[in-house]
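S.K.: Dropping the sequence and predicted coords here.
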Amino acid sequence: MSTVTFDVVRASTKYVVDENGDLSQVAANTPAFEYNSNGTYKGMLVEDQRENGIRNSEGGGSTNGVIGSGGALPTNWVAFSLNGLVAEVIGTGTEKGVEYVDLKFSGTATATSSAFIRFESLTQITASQNEVWSGSVYMKYTDQTANPDLVRLGILQYDSTPTFLKSDVQSVTPTTTLTRFKQEDVTIDNASVASITSAVLFGITNAQAYDFTIRFGLPQLEEGEHASSVIKTSGTSVTRNKDDISKLSASTYIGQTAGTVYVEATIDNIISGNNIITVSDGSDDNIVRITFNAIADMRMYVKAGGASIINDVETIGAGTYKFAIVYSASDTRVYRNGVQLSSSTTSLTFTSSVDEIDIGQLFNGADQVNNWIRAFAFYKRALTDTEAIAL
């Protein structure tokens, strides 16, 4: 079997978790191989373009001390509606590649409500009705003398005044381990919205005493159905470019009349239209494609001369999967995790040269998979049923 060298284009650096569980930078135009926090391999992360609208995720500009009495939060960060609690910056640093700020909350609550820490101003991040946004932030307890009643992530909506309109919140449970918490797939549903921001809310009860310290790191607010890989910022919003991984003029590796396409992927985010792998002539007329059809649906199909040869749709969830499509003149089969799902004897003849391979995207560079590709292979013959199951 010969080795295929792919072109990798991403005109910006990227941050992923390395084999030591640390957040590490990957150079531009380099594939980003990521690991789970326990050091097990997750796969090559392929993503679309995203912007972190929070301008100071690294937390620069803070001063140790009580806020408003010698201490200062990082630039653009705000503690508000404390309802009797006092906020104090007690330290900064880096843990496992994550820049952090330690913020202590203490005192006796004067209301049953929430105390807030916000990571951006009210008007900086513009938004419109029907957009979908996701937020994320690293957090851990460094002191738990008297914890808050609950902790929630919030995406807050404002009109052009700016007057508060509503908040979408999600409860989380910080521990003493630094963890990236996410609030995903939030639809901006107010017609008057002009801007949004993100915050952490600490639930408190009137007359109750509290004393806890939270480590905050790398907050992120981005337009998209899920929270993508970390985008660090230190004074302005930052855009991370999409991953473009492809091989043109690849007819040496792709069977024109018969072949097999194999891919293994770790799936966390299922978004309609996003592609795991495509082999094509640069169009949708002659193509072997594995893609998401809709929420929780995986679609595997083959077309030749614009005609559908096979089109299999299966329901899946998060997890690691192995997919294979085997095709020949009168025998096309699709497999998932070693089980044949369907087959077709429809005549297949590619009417033009199928010579382009795209990993984690469509042939035109669109619809990135936003998941992890663990392995892939191409065969210039149709594997037997036994061989395909063994993959």
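M.R.: Okay, I see it. Residues are numbered from 1 along each chain as shown.

S.K.: residue ranges for the helices of the protein, please.
M.R.: Shown for the chain, the helices assigned by DSSP state H span residues 385-390.

S.K.: what residue ranges in it are flagged as low confidence?
M.R.: Applying pLDDT under 70 to the predicted model, the residue ranges of the chain that meet it are 1-2, 294-296.

S.K.: What residue in it is the furthest from its centre?
M.R.: Farthest-out residue of the chain from its mean C-alpha position, per Cα atoms, centre = their mean: residue 207, at 40.4 Å.

S.K.: which residues touch it?
M.R.: For residue 207, the contacting residues are 108-110, taking Cβ atoms under 8 Å, 6 or more residues apart in numbering as the criterion. All C-beta spots, glycine's among them, are computed from the backbone N, C-alpha and C.

S.K.: show me where the stretch 51-200 of the chain has strands.
M.R.: Counting by DSSP state E, counting those that start in this stretch, residue ranges of the strands within the stretch 51-200 of the chain are 65-67, 70-71, 78-80, 86-95, 98-108, 113-118, 125-126, 132-146, 150-158, 164-172, 179-187, 195-204.

S.K.: And residue 217, how close does it get to residue 85?
M.R.: Distance from residue 217 to residue 85, counting by Cβ to Cβ, to the nearest Å: 21 Å.

S.K.: Equivalent analysis for residue 229, please.
M.R.: Looking at residue 229 against residue 85, where the rule is Cβ to Cβ, the gap reads 33 Å.

S.K.: Residue 150 now?
M.R.: Separation of residue 150 from residue 85 (Cβ to Cβ) stands at 15 Å.

S.K.: ok, those two, which is more surrounded?
M.R.: residue 85 (23 against 14; other Cβ atoms under 10 Å).

S.K.: Isn't that one up against residue 107?
M.R.: Yes: using Cβ atoms under 8 Å, residue 85 is in contact with residue 107, at 4.4 Å.

S.K.: what is in contact with these two at once?
M.R.: A shared contact of residue 85 and residue 107, defined by Cβ under 8 Å, 6+ apart, is any residue touching both; here these are residue 210.

S.K.: Now restrict the contacts of residue 207 to buried residues only.
M.R.: Buried subset of the contacts of residue 207 (neighbour count, 16 or more other Cβ atoms under 10 Å): residue 109.

S.K.: Export the contacts of residue 207 as a markdown table, with columns for distance to residue 368.
M.R.: What follows is the contacts of residue 207, written out as a markdown table (distance: Cβ to Cβ, whole Å):
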| residue | distance to residue 368 |
| --- | --- |
| 108 | 50 |
| 109 | 45 |
| 110 | 48 |
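
S.K.: What is the burial count for residue 30?
M.R.: Other residues near residue 30 come to 12 when the count uses other Cβ under 10 Å.

S.K.: Nearest residue to it in space, ignoring adjacent ones along the chain?
M.R.: For residue 30, ignoring the flanking residues on the chain, the nearest one in space by Cβ to Cβ, 6 or more residues apart in numbering is residue 8 at 6.3 Å.

S.K.: Contact partners for the one you found?
M.R.: Listed by Cβ under 8 Å, 6+ apart, the contact set of residue 8 reads 29-31, 243-245.

S.K.: Could I have the PyMOL command that selects the buried members from those?
M.R.: Only the buried entries of the contacts of residue 8 go into this PyMOL selection, using 16+ other Cβ under 10 Å:
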select buried, resi 31+243+244+245
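
S.K.: For the strands of the stretch 51-200 of the chain, give me TSV that also has distance to residue 16.
M.R.: Converted to TSV, the strands of the stretch 51-200 of the chain look like this (distance: least, Cβ to Cβ, whole Å):
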stretch	distance to residue 16
strand 65-67	34
strand 70-71	34
strand 78-80	30
strand 86-95	17
strand 98-108	13
strand 113-118	26
strand 125-126	24
strand 132-146	14
strand 150-158	22
strand 164-172	22
strand 179-187	12
strand 195-204	22
